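Trainee: I'll drop the sequence and a predicted model, then ask my questions.
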Amino acid sequence: MFYREAGDFSTTYAEDQQTFPIKFDRYRYYVVLFVAIFVIPFMVNDYWVNSLFLPFLIYAIAAIGLNILVGYCGQVSLGTGGFMAVGAYACYKLMTAMPDVSMFIHILLAGVITAAVGALFGLPSLRIKGFYLAVATLAAQFFLVWLFNRVPWFYNYSASGQISAPERDTFGILITGPNTDAWATYMFCLIFTVGSALVARNLTRGSVGRKWMAIRDMDIAAEIIGVNPLRAKLTAFAVSSFFIGISGALFFSIYLGAVEVGEAFGIQKSFLVLFMIIIGGLGSIFGSFAGAAFLVLLPVLLKIVGVDWLGWPTDIVAHLQLVIVGGLIIIFLIAEPHGLAQLWRVAKEKLRLWPFPH
Amino acid sequence: MKYKLGTLAVAGLMAASPAMAELVFPSLSYRTGPYAAGGIPFADGYADYFTLLNERDGGIGGETIRVPECETAYNTEKGVECYESTKGEGALVYQPLSTGITYQLIPKVTADDIPMLTSGLGRTSAKNGNVFSHVFNFPANYWDGASVAVKHIMEQEGGSLEGKKIALVYHNSAYGKEPIRTLQELSEKHGFELKEVPVDHPGQEQKSQWLQIRRDKPDYVIMYGWGVMNQVAVQEAANIRFPMDKFIGIWWSGSENDVLSAGAKADGYKALTFHNVGSDYPLYDDLQKHVIDTGKTAGAGDQVGTVLYNRGIYAAMLVAEAARTAQEIHGVTAITGGQMRDGMEQLEITEEKMAALGLPDFGPEFSVSCDNHGGEGFVAVTQWDAEAKEWNLVSDFMQSDQDVIQPLIDEDSKAYADENAIEGNC
């Protein structure tokens, strides 16, 4: 009824090519942005930000990054945790070496450094494919974690090998450390998340993204029609690692504040982000958000319901959490193998015909 | 985005719970995951002691005690979530029982004015209260443990360690790396050779490490392990026939869980401790009467009397006494986190006090001051008797080598103070 293209006329090419061609979608998007920017910062406290919003926003960036590589370019990667660690340690070294520089610049630089490392580890992708590539990126995961554990320079020779974020600000507002305001860290991460999503969305529907998808769908055919596989694969690795590096830097400096590489960026982190994009939907920006929300917010929600409302013992709730989240993953994958993003697409199709489906 | 809004509503309802006049001691426990075997008895002991105080004395100073529990699974992200969700309830003190979570919480508790007690764990240099105003690690810390282990070995060897070889098998994390600096200093001082053997989380696979030990033939092995790593290490040591009485674990590697699975082969294994073992104390009679018989135990109630259960009791006793001290200093019963901090800083544990609580000779005597948040560093050695299935104290409480440790603490805390621009609190 109200969700349709009819009556919405495009008079320019720009209008014709916009991300949300349906008016209802567009307004919904503006409303979500409005609420995220102008409503939530005034309502949040430490608990909401540190337990829900920060992990959601940061994992969404990581999921977007991995989705570019796996979902759009078809290169399976298990090195996400390692690349997040590169972002975190790069950020730490930059923060401690140049305390006066704005955190915005540090985070972006950490992303750039991770992009370089990611491109380096992407080189084998030119020769090896599929599962073999997954194993090669797995090697990157273990190597990077080992490196940050092994070389004291990375953690400034601290006795325990932990890195902890000192207090830093941007435009005079504290962003890292314990004395930050909830809204400040939230807004800081929100800017990066929205920015990443916009950049990723526009990259993936432009010529670069089309090349990635061509490689994903059939690399030999892509090569024949003139896509340079070296450039396409390496840009995918670099762009993907850039986002993952940003998320790693935010994860360390804003969210946790202190990090131990093996515990925070181990193999389980790689799997977690991979699950996010599989559940959310490969090759979809919305899917990255949906997957991150599913795996970050659902456990917290279950904990609140089980422990705080029903008063069950914490260990039973923790076990139930695993069972429920695991069960839901299986149900989702059976009912909708293309992830939450596909459910969303189907819902939109239905909505288009509603209320007269015939 | 849709999910986010839904969760918002839930969190909003949750945050609306009323604040009551009671003493809140949150328990960031872990009853799941690879470290659950150690987390469960500690959490049970911690909760049971407070239940006893509630049932027998009506709380502390007439204020009832509440112990909200939050599951961390030894995971730092969940630890942060737990901290944030409990700190608003008027939390008085945190004891996360995880070095990783401790590191994360050190700046946060300082900013939120809530003290944190990390007995025998966490950041060792937090002993320097001048820099770490809200963090306490009495009665002993990792470096005390390393030093006393070496001291004990020296006693066994008749006073000299020249030319001896000691291997350190450690959990490759912030926790396991803590003693390395101290042991390096000690190896220079006493002339023994130190071999570092890291074991990665969670430590279920240690074949290569023990092969290396078998090849290097160290005279002694010191272990800094936790969780499933301990059992595996004891088993592997038994497999290569390493003499068990020359294998010494830190206090986190010295519970029943760690040795029972190796059976008779674990006989003679040693571990350090900063409190006494067994359940032969008057307090346990009260515990039996008020908590166990009434069915108010935390968890399954099957951990009573184990080493880590005792540690939970001890941890709860220390903060309960600190709360009492705080009530005396400030003349109010409903204390705040900041007042609790003052109580911890002026805490004094004497033999009379422990005897009055029904725990005679349970731990070392110590007193806390503004400069010294870590006590005197007295540690004892226990040994496992596989036949009787019990731990026995085989040494007195000995003081660690303060000449070595104090300069290291000063150095490390100074680095933290410089990094975070801390002027000093004393």
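Mentor: Received the coordinates, thanks.

Trainee: With adjacent residues omitted, what lies nearest to B:Gly58?
Mentor: B:Thr64 (6.8 Å; C-beta to C-beta, 6 or more residues apart in numbering or on different chains). Every C-beta, even on glycine, is put in place using the N, C-alpha and C of the backbone.

Trainee: Let me know the pLDDT of that neighbour.
Mentor: With respect to pLDDT, B:Thr64 scores 92.

Trainee: Surely it touches B:Leu23?
Mentor: Yes: shown here, B:Thr64 and B:Leu23 form a contact pair, counting by C-beta atoms under 8 Å, at 7.2 Å.

Trainee: before we move on, back to that, the residue nearest to B:Gly58: neighbouring residues, count only.
Mentor: Neighbours of B:Thr64 under the rule other C-beta atoms under 10 Å in any protein chain shown: 15.

Trainee: ok, stretch A:41-48 near chain B or not?
Mentor: Yes: Stretch A:41-48 lies within reach of chain B by C-beta under 8 Å from any C-beta of the partner chain, at A:45-48.

Trainee: Strands - which of the residues you listed land there?
Mentor: Of the residues of stretch A:41-48 next to chain B, none are assigned to strands by DSSP state E.

Trainee: Of the residues you listed, grab the buried ones for ChimeraX.
Mentor: Only the buried members of the residues of stretch A:41-48 next to chain B end up in this ChimeraX selection, burial being decided by 16 or more other C-beta atoms under 10 Å in any protein chain shown:
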select /A:46,47,48
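
Trainee: what stretches of chain B score poorly on pLDDT?
Mentor: The model of chain B has pLDDT under 70 over residues B:1-21.

Trainee: Specify the helix with the largest residue count in it.
Mentor: In terms of residue count, the longest helix belonging to chain B (DSSP state H) is helix B:307-330.

Trainee: between the helix or strand that that one is followed by and helix B:307-330, how many degrees?
Mentor: Scanning forward in sequence from helix B:307-330 by DSSP states H and E, the next helix or strand is helix B:337-345. Interaxial angle of helix B:337-345 relative to helix B:307-330 (axes from the mean of the first three to the mean of the last three C-alpha atoms, to 10 degrees): 110 degrees.

Trainee: is helix B:337-345 anywhere near chain A?
Mentor: No: under the criterion of C-beta under 8 Å from any C-beta, chain A is not reached by helix B:337-345; the shortest gap measures 14.1 Å.

Trainee: ok now the next helix or strand after that helix, how far from the chain's centre?
Mentor: With elements assigned by DSSP H and E, the helix or strand that comes after helix B:337-345 is strand B:348-349. The chain centre lies 18 Å from the centre of strand B:348-349; the measure is C-alpha atoms, centre = their mean, to the nearest Å.

Trainee: for strand B:348-349, packing partners?
Mentor: helix B:307-330, strand B:366-367 (3 or more C-beta pairs under 8 Å, 6 or more residues apart in numbering or on different chains; DSSP states H and E).

Trainee: closest to chain A out of the ones you listed?
Mentor: Closest of those to chain A is helix B:307-330, at 15.1 Å (criterion: C-beta to the nearest C-beta).

Trainee: burial count for the closest residue to chain B within the stretch 251-358 of chain A?
Mentor: Nearest residue of the stretch 251-358 of chain A to chain B (C-beta to the nearest C-beta) works out as A:Asp315 at 3.4 Å. A:Asp315 sits with 22 neighbouring residues when counted by other C-beta under 10 Å.

Trainee: so what's it closest to, chain neighbours aside?
Mentor: Once flanking residues are discounted, A:Asp315 sits nearest to B:Arg31: 3.4 Å by C-beta to C-beta, 6+ apart.

Trainee: Would you mind giving the secondary structure of the one you found?
Mentor: Following DSSP: H, G, I helix; E, B strand; the rest coil, the label given to B:Arg31 is coil.

Trainee: was I right about it contacting B:Gly39?
Mentor: Yes: here B:Arg31 lies in contact with B:Gly39, judged by C-beta under 8 Å, at a distance of 5.9 Å.

Trainee: Please, where are all the strands along chain A?
Mentor: Under DSSP E, chain A gives strands at A:163-164, A:169-170, A:173-174, A:258-259.

Trainee: looking at those, which is closest to B:Arg181?
Mentor: Of all the strands of chain A, strand A:163-164 sits nearest to B:Arg181, with 17.1 Å by C-beta to C-beta.

Trainee: and B:Thr294, what does it touch?
Mentor: B:Glu55 (C-beta atoms under 8 Å, 6 or more residues apart in numbering or on different chains).

Trainee: before we move on, what SS does it have?
Mentor: coil.

Trainee: any idea how far it is from B:Leu52?
Mentor: 10 Å (C-beta to C-beta, to the nearest Å).

Trainee: swap in A:Ala134?
Mentor: Distance from A:Ala134 to B:Leu52, by C-beta to C-beta: 54 Å.

Trainee: Report the contact partners of A:Pro41.
Mentor: A:183, A:186-187.

Trainee: Show me chain B divided up by domain.
Mentor: B:20-141+B:280-375+B:407-420, B:142-277+B:380-403 (automatic domain parsing).

Trainee: Tabulate those domains in CSV, adding columns for distance to A:Gly209.
Mentor: Listed next are the domains of chain B as CSV, based on distance: least, C-beta to C-beta, whole Å:
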stretch, distance to A:Gly209
domain B:20-141+B:280-375+B:407-420, 32
domain B:142-277+B:380-403, 38
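
Trainee: and B:Asn372, how many neighbours does it have?
Mentor: When counting by other C-beta under 10 Å, one arrives at 21 neighbours for B:Asn372.

Trainee: Repeat that for A:Leu123.
Mentor: Neighbours of A:Leu123 under the rule other C-beta under 10 Å: 13.

Trainee: which helices and strands does the helix or strand hosting B:Ile409 pack with?
Mentor: Using DSSP H and E, B:Ile409 maps to helix B:402-420. For helix B:402-420, the packing partners by 3+ C-beta pairs under 8 Å, 6+ apart come out as helix B:142-156, helix B:180-190.

Trainee: Could you see whether chain A lies near the helix or strand just after the first one?
Mentor: Which is helix B:142-156. As assigned by DSSP H and E, the chain's next helix or strand after helix B:142-156 is strand B:165-171. No: interface with chain A: strand B:165-171 contributes nothing (C-beta under 8 Å from any C-beta), its closest point being 9.6 Å away.

Trainee: so what secondary structure elements neighbour strand B:165-171?
Mentor: helix B:180-190, strand B:193-199, helix B:207-216, strand B:220-224.

Trainee: quick check, the helix or strand following it touching chain A?
Mentor: Following strand B:165-171 in sequence order, the next helix or strand is helix B:174-177 (DSSP H and E). Yes: applying C-beta under 8 Å from any C-beta, one finds helix B:174-177 in contact with chain A at B:174-175, B:177.

Trainee: quick check, nearest of the residues you listed to chain A?
Mentor: Nearest to chain A among those, with distances taken as C-beta to the nearest C-beta, is B:Ala174, at 3.8 Å.

Trainee: Enumerate the residues of the stretch 151-300 of chain B near chain A.
Mentor: Residues of the stretch 151-300 of chain B lying near chain A (C-beta under 8 Å from any C-beta): B:172-175, B:177-178, B:180-181, B:200-201, B:299.

Trainee: Give me the phi and psi for the closest residue to B:Glu155 other than its chain neighbours.
Mentor: Distances taken as C-beta to C-beta, 6+ apart put B:Ser395 closest to B:Glu155, at 8.0 Å, once the chain neighbours are dropped. Phi and psi for B:Ser395, reported as degrees, to the nearest 10, are phi -140, psi 170.
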